[in-house]
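Student: quick one, structure for this:
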Amino acid sequence: MRRFLSALWARLINRPLALCDSGDVDGITSAAIFLRKYPKGHVVLAAPSEVTRSRWIRSFFWTFVADLPCPGKALIRADHHRTNKPCAKVEFYDPEAPCSALMAMKALDLENDPVVNSLVKVAIETDTASISSREAEELDLAVRFASYSEKMYIVRNLALNGLQALESPKMRALIERGSRAKRLMLEIADKIPIRDIINIYSPIDLGISYRQLTIELQHRGAKMVNILLRLGRRTFRYYCGADKDGPYDCTQVATKLGGGGHKYASGAQYKSSIMNPHKGLELFINTLKEYLNVNKLEVVELSSGSVRMTFY
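Tutor: Below is the predicted model:
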């Protein structure tokens, strides 16, 4: 409701209005690039699943949309996801681009802005899972565990100060929180046997970044990592990571679960039936079996401090 009211107020006073992905550095830097162009503009952050399901989001006319499916009515959209269909009046869409922030920079004519170029650089590193700079690693850690209000703070700070924003006391605190979660993730990764294909089910949220876990397991040798996290009694979140040049395609699984993304990184969020919440896990298992063409699926079940191998 708060996002709706703030967006409505921005529209009523005729401020440029942006809708950007809330989930990662690419979406956050795209939002910061928008505010760099329009300091008096207003940003709303949302997940891809919200864009496709929320009536209020689809009722607005957006000045700018980045790193998300088109909400229906938009002037400019900057994106690089193969599964997101173009529909804005002006599209800066390239499925071969390394990140949406790059397309946002071009869409908003900020290619000569050094601050924007530095933001695009870290977005490329994080979105291609090739983090090499301190700035990209720290911004990724800050964003992954931030609340909505904290993400909006990051967006505004980046727009104003660029990567110098990372040095503020509040940003250092967010980075440290992310570092603690990363250490826990690495402890969990140490307990998971490495296979070409790793399938994981987490019935509770362990307070880690599951996308970060897919990347770590790929770095250790996995060719495809599929993770299902149970967010609530009926709500499930799917994460997939695969080698860019490998034989596996994450979108083939994610789209069947109602999501999308790239061949090498995709995701989905879905609900199981009210009568049988366990159908959410069944859908994950059966979708993977069909895609991988197997009758039996090895799944690593995570719990606090331990892992257990199960066959379905």
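Student: doesn't residue 228 belong to a strand?
Tutor: Yes: looking at residue 228 with DSSP: H, G, I helix; E, B strand; the rest coil, it is inside a strand.
Student: that one touches residue 203, doesn't it?
Tutor: No: the pair residue 228 / residue 203 is not scored as a contact, 9.1 Å apart, by Cβ atoms under 8 Å. (Glycine included, C-beta is placed from N, CA and C.)
Student: those two: which has the busier surroundings?
Tutor: Per other Cβ atoms under 10 Å, whichever of residue 228 and residue 203 has more neighbours is residue 228, with 25 against 12.
Student: distance between stretch 180-197 and the chain's centre?
Tutor: How far stretch 180-197 lies from its chain's middle: 20 Å, per Cα atoms, centre = their mean, to the nearest Å.
Student: and stretch 90-107, by the same measure?
Tutor: How far stretch 90-107 lies from its chain's middle: 16 Å, per Cα atoms, centre = their mean.
Student: kindly report the same for stretch 194-212.
Tutor: Centroid separation for stretch 194-212 versus its chain: 15 Å, with Cα atoms, centre = their mean.
Student: check stretch 35-54 too.
Tutor: Chain-centre distance of stretch 35-54: 14 Å, with Cα atoms, centre = their mean.
Student: same deal with stretch 132-148?
Tutor: Relative to its parent chain, stretch 132-148 has a centroid offset of 12 Å by Cα atoms, centre = their mean.
Student: contacts for it?
Tutor: Residues outside stretch 132-148 that contact it (Cβ atoms under 8 Å, 6 or more residues apart in numbering): 22, 24-25, 28-29, 45, 118, 121-122, 125-126, 131, 151, 154, 163, 166, 171, 174-175, 177-179, 181-182, 209, 211-212.
Student: list the buried ones in that stretch?
Tutor: Within stretch 132-148, the residues that qualify as buried by neighbour count (16 or more other Cβ atoms under 10 Å) are 135, 136, 137, 138, 139, 140, 141, 142, 143, 144, 145, 146.
Student: ok, stretch 301-312 next?
Tutor: Across stretch 301-312, burial judged by 16+ other Cβ under 10 Å covers 302, 312.
Student: pLDDT below threshold where in the stretch 151-300 of the chain?
Tutor: Applying pLDDT under 70 to the stretch 151-300 of the chain flags residues 275, 277.
Student: switch to 90 and redo it
Tutor: Within the stretch 151-300 of the chain, the ranges that satisfy pLDDT under 90 run 233, 244-245, 260-262, 264, 272-279.
Student: do a quick rundown of the strands in it.
Tutor: Listed in chain order, the strands of the stretch 151-300 of the chain (DSSP state E, counting those that start in this stretch) span 197-202, 224-230, 235-242, 260-261, 265-271, 298-303.
Student: partner strands of the third one and their direction?
Tutor: So the one you mean is strand 235-242. Here strand 235-242 has these sheet partners by DSSP bridges: strand 224-230 (antiparallel), strand 265-271 (antiparallel).
Student: contacts for it?
Tutor: With Cβ under 8 Å, 6+ apart as the test, strand 235-242 has contacts from 129, 210-211, 213-215, 217-218, 223-231, 248-250, 253-254, 257, 259, 261, 263-272, 280-281, 283-284.
Student: let's see the PyMOL selection covering just the buried ones among those.
Tutor: Only the buried entries of the contacts of strand 235-242 go into this PyMOL selection, using 16+ other Cβ under 10 Å:
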select buried, resi 129+210+211+213+214+215+217+218+223+224+225+226+227+228+229+230+248+249+250+253+254+257+259+261+263+264+265+266+267+268+269+270+272+280+281+283+284
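Student: the helices in the stretch 51-200 of the chain, which residues?
Tutor: Counting by DSSP state H, counting those that start in this stretch, the stretch 51-200 of the chain has helices at residues 55-59, 100-107, 114-127, 134-144, 148-161, 169-190.
Student: what is the neighbour count of the nearest residue to residue 119 once chain neighbours are set aside?
Tutor: Nearest residue to residue 119 in three dimensions, chain neighbours excluded: residue 29, at 4.4 Å (Cβ to Cβ, 6 or more residues apart in numbering). A total of 37 residues lie near residue 29 under the criterion other Cβ under 10 Å.
Student: who is the closest residue to residue 300 other than its chain neighbours paired with across the strands?
Tutor: Spatial nearest neighbour of residue 300, excluding adjacent residues (Cβ to Cβ, 6+ apart): residue 200 at 4.7 Å. Under DSSP bridges, the beta-bridge partners of residue 200 are residue 227, residue 300.
Student: on that earlier part again, list the helices and strands the helix or strand where the residue nearest to residue 119 lies packs on?
Tutor: Assigned by DSSP states H and E, residue 29 falls within helix 25-37. Counting contacts by 3 or more Cβ pairs under 8 Å, 6 or more residues apart in numbering; DSSP states H and E, helix 25-37 is packed against strand 17-21, strand 42-46, strand 62-66, helix 100-107, helix 114-127, helix 134-144, helix 148-161.
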